[in-house]
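Asker: Sequence and computational prediction follow.
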Amino acid sequence: MKQPLNFDWNYLDDFNEAYLKELPNNKRVINIPHNIFDVPYNYFSEKDYQKVVTYEKLFDVNEDIKDKKCILHFEGFMLQADIYLNDINLGHFVSGYLPVKIDVSEVIKQKGNRLVVILDSKEDPLVPPFGYAVDYLTFSGIYREVSLEVHPKIYLDNIYVHGDMNGNIEIQYDAVGGIVEPTFQLFDQDKKLIESEIPNFSISNPTLWDINNPYLYTMRIVVPNEVYEIKFGFKSQEFKEDGFYLNGKKLKLVGLNRHQCYAYVGYAMPKSMQIDDAKKLKELGVNLVRTSHYPQSEHFLNALDEIGLLYVNEIPGWQHISKDEIWRNHYYDFVKRMVLKERGHTSLIAHGVRIDESQDDHELYSKGNEIAHSLDKYHQTLGVRNFKNSEILEDVYGYNDFSCANLKHGVDNPKSVKTKHKPYLITEYMGHMQPHKPTTDISMLQHVALRHLRVLNDARKYEQISGTIGWCFVDYYTHVDFGSGDHLCNHGVLDLYRNPKYAAFSYMSQQDEKPVLEVLTNMRPGDFKEASYQDIFVLTNADRVDLYKNDEFAASFYPDKKKYKYLKHPPVQVLDVLGETFKDERFNKKEALKLAKIFSYGGIYGFNNLKPTQALYVALMYIKHHLSWSDLVDLWNTHISTWGGYAKTFTFKAIKDDKVIIEKTIRPSHRFHMNYDYDRNILLNEETYDVLPIRVSFVDEDDNVMKYANKAIDIKVEGNAELIGPNMQTLLGGQITLYIKSKKGPGQAKVIISSELETKEIELEVK
Ligand code: GAL
């Protein structure tokens, strides 16, 4: 039996010995997951949340505890705590990113329990990832759920069900408190397939778990007075020297790195938001995520199992290795606890046991690898470094390849990395090589999108590269030593509010599930130097893009298979904004098309930048058709006139199998409105509160997000929910996400969003 203990904790922002007896009246009631205070979007101090605080939970146990084992289960708190139950000191516990389970059978009472947690979130140099500078914030609080487990006197812990592609099953577990002989029942949905007394058996022709069909079976493990239900899939994976294999078939891995922080609350987000991130990654079309740089929420990992997204995990750390024994013992302990927590996830393909980008350390990593292998023989280990020719004690050579210096070079030749004949995975690229704020120039956002594609393209050139994992999924909070001094690293393909930058479409455009068409510019010459359009790129998974100018067909453009020959869907470059719309009786069709291209080139890159051959052709036309200079000016003004004429309407149509699958219009906009995107009106309190994201964007009549809209919005939430973050916010790059958090339910709530345009009310129900 699991009894969630998440609602109605008492909390105080400090600690005093007297609190061990009783909390004073100024305590606040809070719910878990909890952060000790909301950090602003940017500019604050990480010192402010590093302190010792006190939590108290008063509770009764719902189930009869006589002759039972009672285990307190903390999914995660930052960083360490002294925990007391009914005035008894249970000990000192380090969590950080890993669960803490405490046997409280001897101290718990049926009714009237008082649990006190004295939590210290200071960065302790003796616990990884701390000891030196770290490029991410670790926040504070009991930020993952808490529960009480009530088991029979003899129960099972650390259950691991493993199924391979040949239908072989092995079940491991620790029997705590005595010896039991469990019965294992394999279920396919509601149908019992097999019952076994031994933990190794097989079935024939299982439906395999795959990224396109993440099929899960259920193993029921029956012991006296208790049944455990474990979901798992039949799947085999292997990194080999020539690439990665899933169920015996080669699969090029395309992934992104994920930090688990969110705006304002840091790490403290409940199940629904963890699932939301998993879904967002899947929608981006990637097949892999790296939980950089620490073990992440079980809700997130369960979602990966359910939706078919592979992952590699990683122990807490960042670049630094300490010589101190205490620190090193924490590292060993963290490897053990991470492997025990995560080995049963079907979506897992390797255990990341080396501290990200650390130096070689034979002793530390020999032992780290040994611990992982001894607990899990079915998953290889991965070690991530940022230098070539490093000692490799892991099964997979992970390398952060930041050689992507420009649009001409994506990745280094794997031979130069000296991977010592180990399987090879590029675990990071981009990131600090080109930070890009959601509010930055359009040309920069476009440049970053193309650089991601350059890496994906170049990595495909080399068979031995198992795959690539981009840095990173979302913008993240960081220490003052990194980012722009504002405590943000803008390396994400999505911003901190999970709204897309152009680079998100670099990934989305490589899948075929959903049509994609993203124009990587706003087609407003006034936004660029010399009043020119500058590079026009379109990301799409269609066969071609047809361009219309003022509703008239101009020209067709095709994916650039020359520069991006290994990509499934290369970017499409638009080099002619006039095409067949350039009509003038003085020229024949051929001449008109050629002039259209030349004028377009001038419009895109500036008239002064015409190539000599283009200038020559214009001169030729000038002479042949007895044009005057004024005629030329007139032609320019009529057709291009980036500065001095009416703005044009451009429509981009993505064509696949001769059908328009998606289109986008960019016109001189006259009508604007606020968009409110949310996918439900119900907040569902289960083991704890729920959070609903509402995306607010300022769009024009064609639903294009107006990137420069910095509208202020004022948000009020009434009734049974509350707003996360400040009541007044501004759009960031034309959009923002509001996070609405349920209070203990049930009840009604209303969100009122006011801007200079309107007041919008959204009714919600908390169940
Ligand atoms: C890497 C590091 C990441 C992040 C990234 C930024 O060196 O592993 O955590 O800092 O750089 O590009």
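Answerer: Ah, there it is.
Asker: can we go C-alpha only for contacts and neighbour counts from here?
Answerer: Noted.
Asker: Look at the residue of the chain most remote from its centre and tell me its secondary structure.
Answerer: Relative to the centre of the chain, and counting by Cα atoms, centre = their mean, the farthest-placed residue is His626 at 61.1 Å. Under DSSP: H, G, I helix; E, B strand; the rest coil, His626 falls in the coil class.
Asker: Backbone torsions only: list them for it.
Answerer: With angles defined as degrees, to the nearest 10, His626 sits at phi 50, psi 50.
Asker: Check Pro423 too.
Answerer: phi -60, psi 150.
Asker: Which positions in stretch 19-34 come out as buried?
Answerer: Tyr19, Leu20, Leu23, Ile30, Asn31, Ile32, Pro33, His34 (16 or more other Cα atoms under 10 Å).
Asker: interface residues of the stretch 351-500 of the chain facing the ligand?
Answerer: By the rule Cα under 6 Å from any ligand atom, the part of the stretch 351-500 of the chain lying against the ligand is Asp356, Glu357, Gly431, His432.
Asker: out of the residues you listed, who has the most neighbours?
Answerer: Among these, the one with the most neighbours (other Cα atoms under 10 Å) is Asp356, at 26 neighbours.
Asker: ok, that residue - contacts?
Answerer: His293, Gly317, Trp318, Gln319, Gly383, Val384, Arg385 (Cα atoms under 8 Å, 6 or more residues apart in numbering).
Asker: let's see it at 6 Å
Answerer: Residues in contact with Asp356 (Cα atoms under 6 Å, 6 or more residues apart in numbering) are Trp318, Gln319, Val384.
Asker: What I need now is the residues you listed written out in JSON lines, including distance to Met621 for each item.
Answerer: Putting the contacts of Asp356 into JSON lines (distance: Cα to Cα, whole Å) gives the following:
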{"residue": "Trp318", "distance to Met621": "63"}
{"residue": "Gln319", "distance to Met621": "63"}
{"residue": "Val384", "distance to Met621": "60"}
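Asker: What segments of the stretch 501-650 of the chain are strands?
Answerer: 517-519, 537-540, 544-549, 552-557, 572-573, 650-656 (DSSP state E, counting those that start in this stretch).
Asker: can I get those in a markdown table with distance to Gln260 and mean pLDDT?
Answerer: Shown next, in a markdown table, are the strands of the stretch 501-650 of the chain (distance: least, Cα to Cα, whole Å; pLDDT from 0 to 100):
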| stretch | distance to Gln260 | mean pLDDT |
| --- | --- | --- |
| strand 517-519 | 27 | 98 |
| strand 537-540 | 28 | 98 |
| strand 544-549 | 37 | 98 |
| strand 552-557 | 39 | 98 |
| strand 572-573 | 34 | 98 |
| strand 650-656 | 35 | 98 |
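Asker: Point out the most buried one among those strands.
Answerer: Ranked by mean neighbour count, those are led by strand 537-540 with a mean of 26 (mean count of other Cα atoms under 10 Å).
Asker: other SSEs contacting that strand?
Answerer: strand 517-519, strand 572-573 (3 or more Cα pairs under 6 Å, 6 or more residues apart in numbering; DSSP states H and E).
Asker: What strands flank that strand, and is each parallel or antiparallel?
Answerer: Next to strand 537-540 in the sheet, as set by DSSP bridges, lie strand 517-519 (antiparallel), strand 572-573 (antiparallel).
Asker: helix, strand or coil for whatever residue of the stretch 51-200 of the chain ends up closest to the ligand?
Answerer: Closest approach between the stretch 51-200 of the chain and the ligand, counting by Cα to the nearest ligand atom: Asp135, at 5.1 Å. Following three-state DSSP, Asp135 is assigned to coil.
Asker: Please report how far Leu20 lies from Val127.
Answerer: 26 Å (Cα to Cα, to the nearest Å).
Asker: Do you have the helices of the stretch 451-600 of the chain handy? List them.
Answerer: Using DSSP state H, counting those that start in this stretch, the helices assigned to the stretch 451-600 of the chain run over residues 502-508, 589-605.
Asker: Quick check: buried residues in stretch 630-644?
Answerer: Leu635, Trp636, His639, Ile640, Ser641, Thr642.
Asker: Report the rounded mean pLDDT for it.
Answerer: The average pLDDT for stretch 630-644 rounds to 91.
Asker: CA atoms only: put that stretch into PDB for me.
Answerer: Extracted C-alpha coordinates of stretch 630-644, given in PDB (Å, rounded to 0.1, in the frame of the first residue of the first chain):
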ATOM      1  CA  SER A 630      15.000  55.600 -64.500                       C
ATOM      2  CA  ASP A 631      13.400  52.500 -66.200                       C
ATOM      3  CA  LEU A 632      15.700  50.300 -64.000                       C
ATOM      4  CA  VAL A 633      14.800  52.200 -60.900                       C
ATOM      5  CA  ASP A 634      11.200  51.800 -61.800                       C
ATOM      6  CA  LEU A 635      11.500  48.000 -62.300                       C
ATOM      7  CA  TRP A 636      13.200  47.700 -58.900                       C
ATOM      8  CA  ASN A 637      10.600  49.800 -57.200                       C
ATOM      9  CA  THR A 638       7.700  47.900 -58.800                       C
ATOM     10  CA  HIS A 639       9.000  44.500 -58.000                       C
ATOM     11  CA  ILE A 640      11.200  44.600 -55.000                       C
ATOM     12  CA  SER A 641      11.100  48.000 -53.300                       C
ATOM     13  CA  THR A 642      12.200  46.800 -50.000                       C
ATOM     14  CA  TRP A 643      12.400  50.400 -48.700                       C
ATOM     15  CA  GLY A 644       9.900  52.600 -50.500                       C
END
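Asker: and that stretch, how far from the chain's centre?
Answerer: 47 Å (Cα atoms, centre = their mean, to the nearest Å).
Asker: what does stretch 149-156 give?
Answerer: For stretch 149-156, the separation from the chain centroid amounts to 36 Å (computed by Cα atoms, centre = their mean).
Asker: Likewise for stretch 572-591?
Answerer: The answer for stretch 572-591 is 44 Å, by Cα atoms, centre = their mean.
Asker: most neighbours per residue, which of the helices of the stretch 451-600 of the chain?
Answerer: helix 502-508 (a mean of 25).
Asker: Residues touching that one, excluding its own?
Answerer: Residues contacting helix 502-508 (Cα under 6 Å, 6+ apart): Leu284, Gly285, Leu445, Ala449, Val493.
Asker: And these, which is closest to the ligand?
Answerer: Nearest member of these to the ligand, counting by Cα to the nearest ligand atom, is Val493, at 12.5 Å.
Asker: Let me see the contact set for Pro199.
Answerer: Counting by Cα under 6 Å, 6+ apart, Pro199 touches Glu170, Ile171.
Asker: Next, give phi and psi for it.
Answerer: The phi/psi pair for Pro199 (degrees, to the nearest 10) is phi -80, psi 10.
Asker: measure it to Gln172 for me?
Answerer: 7 Å.
Asker: cool, and Asn400?
Answerer: Using Cα to Cα, Asn400 is found at 34 Å from Gln172.
Asker: Now the phi/psi pair for Gln172, please.
Answerer: Dihedral angles (degrees, to the nearest 10) for Gln172: phi -120, psi 150.
Asker: tell me the angle the lowest-mean-pLDDT helix or strand in the chain makes with helix 589-605.
Answerer: Across the helices and strands of the chain, mean pLDDT, DSSP states H and E gives its lowest value to helix 629-639, namely a mean of 93. Helix 629-639 runs at 70 degrees relative to helix 589-605, counting by axes from the mean of the first three to the mean of the last three Cα atoms, to 10 degrees.
Asker: Number the chain from 12, please
Answerer: Noted, 12 is the first residue going forward, which turns the last one into helix 640-650.
Asker: which other helices and strands contact helix 640-650?
Answerer: Looks like helix 640-650 contacts no helix or strand (3+ Cα pairs under 6 Å, 6+ apart).
Asker: coming back round to it: looking at the contacts of Asp367, which has the most residues close by?
Answerer: Val395 (26 neighbours).
Asker: give the contact list for Gln330.
Answerer: Asp367, Glu368, Ser369.
Asker: Now these in JSON lines, please, with extra columns for secondary structure.
Answerer: Shown next, in JSON lines, are the contacts of Gln330 (three-state DSSP):
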{"residue": "Asp367", "secondary structure": "coil"}
{"residue": "Glu368", "secondary structure": "coil"}
{"residue": "Ser369", "secondary structure": "coil"}
